[in-house]
Structures are given as C-alpha cells and as structure tokens.
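A.B. asks: sequence unknown, structure follows:
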C-alpha cells in the first residue's frame, strides 16, 4: 500500500480515534533521529530477505496459546508486540517483531538479542517509549502512520497485528496465516503487560479492533497475498 492509498484510511482513523496528526508526524521524525543517532536501523530490503512465501503472523488474542501448541509453522514467523512473550514462553524466537513498544519490552529485547529484527512504529502517544527503548535495540526498521520518511516506512496498517500483515504482503508473502487474531469481547492477556486473563474489551480497544478488521478485509480483497485466519 502506498501513501496515496493509505492517506484516506489514515484520515478516517484520525477522526475516529481523535488522534493528533502533528504528534504522529513529530513521533516519526523523532524515530528517524534516534535511528540515525544510534546507527541501529535496517532497511526494508533487510526485512524482505526474511520474508518467505508463507508467513505466519501472531496476534495477542486469547486463542494464541492454544494455537501455539501445534508448533507446525513452516515459513516466516512475525510476532505482533505482546505475542512475542507468548512465543518465547513456547521456545520460539520470531525472526521479525512488529511493535509500538507497549508490550513487555524485556521480551522484545531478549528476542532481538537472539536475532529478531524489530519493526518499531512511531505514533503520537509513544514518544517516551521511543526515547527509552530504541537506543537499546539493534536491527530496527522504523515505521510510521504519517507520510513516510527516507528510513521510516509506512506499509499501511494500524494495530501491531494488521501492520505486520501489511508489511508481509508488501515485502513478498504469498500466503499469510493469521494466528491469535480474535477480535472478540475478551482481550488476550498478552496484549498488554498488565492484563489478566479474560479481560473484557474496553471502548478504545473495540474501535481499534474495528479498524484492524476493516483494513485486513481491504487487504484481503485488494492485495497480492492470500490471507487466511487460522
């Protein structure tokens, strides 16, 4: 998805979520600055080298733990933020993590130290986390939800999970399997470090789920990859 395709979705998101476009832009510029200062960035081509034709994207929904029991994932594994903790607990180090840094950072850092590339997303509400955590990581691909910069990309997508799907599709995946993408009334305990099991969905999260579902449906109908919810 290019910027011209993404911008109408982004404007709808700004309206629905009451986000500040200028803060989003400021965050993207901050991420670029941090990546350049720390010289820890990679480019889309580096991520593309890890994308096989078959990709599994792991969301942090309640069904994730059960799905991890099968352990038969022949392809590239991409974890979205908090799902990284679940994968590590099951002895799996994902080659790629997509995060806005509100998951359990010690697990993201551990996977990064074990070789995972980290796709870090900038938005108006996470500038403090960017400053605190980006310098501690290596092999970071920057993304944003505003117009892209030279080393900060925008592949489309809104939440960590659907952004991971858009990234995989853009970088060459032919089949993308969605695991732990539940979009139900219960939020998975892996979604945030402070959550417990069976946490009822709150209004803001419900809006995010609705946006993610709309975007995934668009990609399913307009993208090149076959998208399968497992």
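C.D. replies: Nice, I can see it. None of the values given here were measured: they were computed from a predicted structure.

A.B. asks: Leaving out chain neighbours, which residue sits closest to residue 96?
C.D. replies: Once its chain neighbours are removed from consideration, residue 96 has its nearest residue in residue 78; the separation is 4.5 Å (C-beta to C-beta, 6 or more residues apart in numbering). To be clear about C-beta, it is placed using only N, CA and C from the backbone, and glycine gets the same treatment.

A.B. asks: Taking the centroid of this structure, which residue is nearest it?
C.D. replies: Here the mean C-alpha position of the chain is nearest to the C-alpha of residue 160 (C-alpha atoms, centre = their mean), at a distance of 2.8 Å.

A.B. asks: which ones are touching that residue?
C.D. replies: Residues in contact with residue 160 (C-beta atoms under 8 Å, 6 or more residues apart in numbering) are 59, 60, 80, 81, 98, 99, 100, 103, 121.

A.B. asks: can you pick the most crowded of the residues you listed?
C.D. replies: residue 98 (33 neighbours; other C-beta atoms under 10 Å).

A.B. asks: Next, give phi and psi for the residue nearest to the centre of the chain.
C.D. replies: Taking degrees, to the nearest 10, you get phi -50, psi -40 for the backbone angles of residue 160.

A.B. asks: So that it lines up with my notes, have the first residue be 780 from now on.
C.D. replies: Shifting the count to begin at 780 puts that one at residue 939.

A.B. asks: Next one, pLDDT for it please.
C.D. replies: pLDDT recorded at residue 939 is 96.

A.B. asks: what does the one 10 residues further on give?
C.D. replies: Reading off the confidence values, residue 949 has pLDDT 97.

A.B. asks: quick one: it from residue 913, how far?
C.D. replies: When C-beta to C-beta, to the nearest Å is the yardstick, residue 949 and residue 913 sit 22 Å from each other.

A.B. asks: quick one: the strands in the protein?
C.D. replies: For the chain, the strands identified by DSSP state E occupy 833-837, 855-859, 875-878, 896-901, 919-923, 931-932, 954-958, 965-966, 978-979, 1005-1008, in order along the chain.

A.B. asks: mind putting the ones you listed in CSV, distance to residue 990 and mean pLDDT included?
C.D. replies: Supplementary listing: those in CSV, determined by distance: least, C-beta to C-beta, whole Å; pLDDT from 0 to 100:
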stretch, distance to residue 990, mean pLDDT
strand 833-837, 17, 97
strand 855-859, 15, 98
strand 875-878, 16, 98
strand 896-901, 14, 98
strand 919-923, 16, 98
strand 931-932, 20, 98
strand 954-958, 16, 97
strand 965-966, 15, 76
strand 978-979, 19, 78
strand 1005-1008, 16, 96
